[in-house]
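*Asks:* Okay, structure incoming, though there's no sequence with it:
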């Protein structure tokens, strides 16, 4: 018999994060490991990273920001993209619109060349794009943030979706796993800061890896059971 869970928004956010992590961690690690390398082995080399970027058509020498709002492309992504591009001429925004064809067409109509703005629709290679990124911008809906963490990429959250998205954003920001930008100006500043400060970017990446890798599947399940029992 099914038992209905009555959880507040914050607990729902926690539950969504944990449940999504269960199905994300192993898949992302397996997909981002170079050919012939075990998913639990050392991180890819600089040559591996360069080859991955070349395969995806990412411009050489660019600071790559992957902007993603889930499979439906929810939220005000146009504002987010404009804010990311304002961060500097070295920035290349790679925008994943998912199944939102109207958004893809709108952003594709912007005047920036592909080395500054690359607009994608649905893609089956999100782990590849995550691994090619310097920074990931998401709306805290769930899988995007956790994929970024599993890939060791700094995460900036912007315009989180209502309900569990806002709860997720607050939880991840409070835990130091993401930067929450509450306005386009804050998003621009966050991207600019990460682009200019390699040490800070490394610290955020290390925190993401530690959070994603320091827990076992049993830990996540135990926490979910604990939430269900409250």
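*Replies:* Yep, that arrived. These figures come from a predicted structure and were not determined experimentally. Numbers count the residues shown, from 1 in each chain.
*Asks:* correct me, but residue 68 touches residue 135?
*Replies:* No - contact criterion CB atoms under 8 Å: residue 68 and residue 135 do not qualify, at 11.6 Å. Placement of C-beta: from N, CA and C, glycine included.
*Asks:* out of those two, which sits in the busier spot?
*Replies:* A count of neighbours by other CB atoms under 10 Å puts residue 68 above the other of residue 68 and residue 135, at 29 against 25.
*Asks:* Need the mean per-residue confidence for stretch 63-81.
*Replies:* For stretch 63-81, the per-residue pLDDT values average out at 84.
*Asks:* For residue 196, see how far away residue 65 is.
*Replies:* 14 Å (CB to CB, to the nearest Å).
*Asks:* Which one's more surrounded, these two?
*Replies:* Neighbours per residue, other CB under 10 Å: of residue 65 and residue 196, the larger number sits with residue 65, 26 against 13.
*Asks:* The more buried one should be in a strand, yeah?
*Replies:* Yes - assessed by DSSP: H, G, I helix; E, B strand; the rest coil, residue 65 belongs to a strand.
*Asks:* hey, what's it bridged with?
*Replies:* residue 93, residue 135 (DSSP bridges).
*Asks:* my guess is it meets residue 92, correct?
*Replies:* Yes - assessed by CB under 8 Å, residue 65 is found in contact with residue 92 at 7.1 Å.
*Asks:* Ranking helices and strands of this structure by mean pLDDT, which lands last?
*Replies:* Within the chain, judged by mean pLDDT, DSSP states H and E, the helix or strand with the poorest mean is helix 9-32; its value is a mean of 48.
*Asks:* Mind checking what helix or strand follows it in sequence?
*Replies:* The helix or strand immediately downstream of helix 9-32 is helix 46-56, counting by DSSP states H and E.
*Asks:* For the chain, which segments are assigned as strands?
*Replies:* Shown for the chain, the strands assigned by DSSP state E span residues 63-68, 91-96, 117-120, 135-138, 155-158, 179-181.
*Asks:* What pairs with the last one, parallel or antiparallel?
*Replies:* When you say that, I think you mean strand 179-181. strand 155-158 (parallel).
*Asks:* centre of the chain versus the strand it pairs with, how much separation?
*Replies:* Put simply, strand 155-158 sits 7 Å off its chain's centre (CA atoms, centre = their mean, to the nearest Å).
*Asks:* need the contact list for residue 132.
*Replies:* 49, 52-53, 56, 58, 64, 66, 94 (CB atoms under 8 Å, 6 or more residues apart in numbering).
*Asks:* Wait, residue 170 touches residue 180, no?
*Replies:* Yes - taking contacts as CB under 8 Å, residue 170 lies within contact range of residue 180: 7.4 Å.
*Asks:* Poorly predicted segments of the protein, please.
*Replies:* Scanning the chain for pLDDT under 70 picks out 1-46, 141-142, 208, 211-230.
*Asks:* one more time with 80, if that's ok
*Replies:* 1-52, 59-60, 69-76, 140-147, 149-151, 161-169, 171-172, 174-176, 199-230 (pLDDT under 80).
*Asks:* list the contacts for residue 109?
*Replies:* With CB under 8 Å, 6+ apart, residue 109 has no contacts at all.
*Asks:* how close does it get to residue 127?
*Replies:* 28 Å.
*Asks:* Over to residue 95?
*Replies:* 17 Å.
*Asks:* Also residue 59?
*Replies:* Look at residue 59 and residue 127: by CB to CB, they are 20 Å apart.
*Asks:* Compare those two and say which is more crowded by neighbours.
*Replies:* Applying other CB under 10 Å to residue 59 and residue 127 shows that residue 127 carries more neighbours, namely 19 against 16.
*Asks:* Alright, calling it a day.
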